[in-house]
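Asker: What follows is a predicted structure for the sequence shown.
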Amino acid sequence: MVNRIRIAQTLQFQGEYKKAEKIHFDLEECIKSHPEYSFILDFIYQHKGKNYYEQNHLQKALNAIEAALQIRLQKKKPDLIESSRFAIEIIKEKMSN
């Protein structure tokens, strides 16, 4: 599953946003039937948010990153929390312009 996140990120970098989005969706669906993989859900949301951001779908980006942040707060991982909070700040700043 981690490799699929990386593939989605590579597709995103290549401008293949819809293909990356499909992988994110498929990963979320997979976790519903395989909850043992839920430990990577925050990474899926974070990357999904970045993908939306690059497409200028700012509200969708914000929603995805905020979902990642909620999971990361529960994990109590300061570096991941900071990464999500920083992304949220950037998105909100762009939304206000």
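Answerer: It's in.
Asker: When you work out contacts or count neighbours from here on, use the C-alpha atoms and nothing else.
Answerer: Will do.
Asker: ok, Cys91 touching Glu54?
Answerer: Quick fix: residue 91 reads Ile, not Cys. No. Judged on C-alpha atoms under 8 Å, Ile91 makes no contact with Glu54 at a distance of 10.4 Å.
Asker: Pick out whichever of these two has more residues nearby.
Answerer: The neighbour count for Ile91 versus Glu54, taken as other C-alpha atoms under 10 Å, is higher for Ile91 (21 against 14).
Asker: OK, contacts around that one?
Answerer: By C-alpha atoms under 8 Å, 6 or more residues apart in numbering, the contact set of Ile91 is Tyr53, Leu58, Ala61, Leu62.
Asker: and Asn56, how many neighbours?
Answerer: Asn56 has 14 nearby residues by other C-alpha under 10 Å.
Asker: gap between it and Gln9?
Answerer: Distance, Asn56 to Gln9, using C-alpha to C-alpha, to the nearest Å: 16 Å.
Asker: go on, Lys19?
Answerer: Distance from Lys19 to Gln9, by C-alpha to C-alpha: 10 Å.
Asker: Residue nearest the middle of this structure, spatially speaking?
Answerer: Centroid-nearest residue in the chain, with C-alpha atoms, centre = their mean: Gln46, separated by 2.2 Å.
Asker: For that one, which non-adjacent residue is closest in space?
Answerer: Ile65 (5.1 Å; C-alpha to C-alpha, 6 or more residues apart in numbering).
Asker: And for Ala8?
Answerer: Ala8 sits nearest to Ala20 (C-alpha to C-alpha, 6+ apart), 4.3 Å away.
Asker: Measure how buried that neighbour is and give me the count.
Answerer: With other C-alpha under 10 Å as criterion, Ala20 counts 26.
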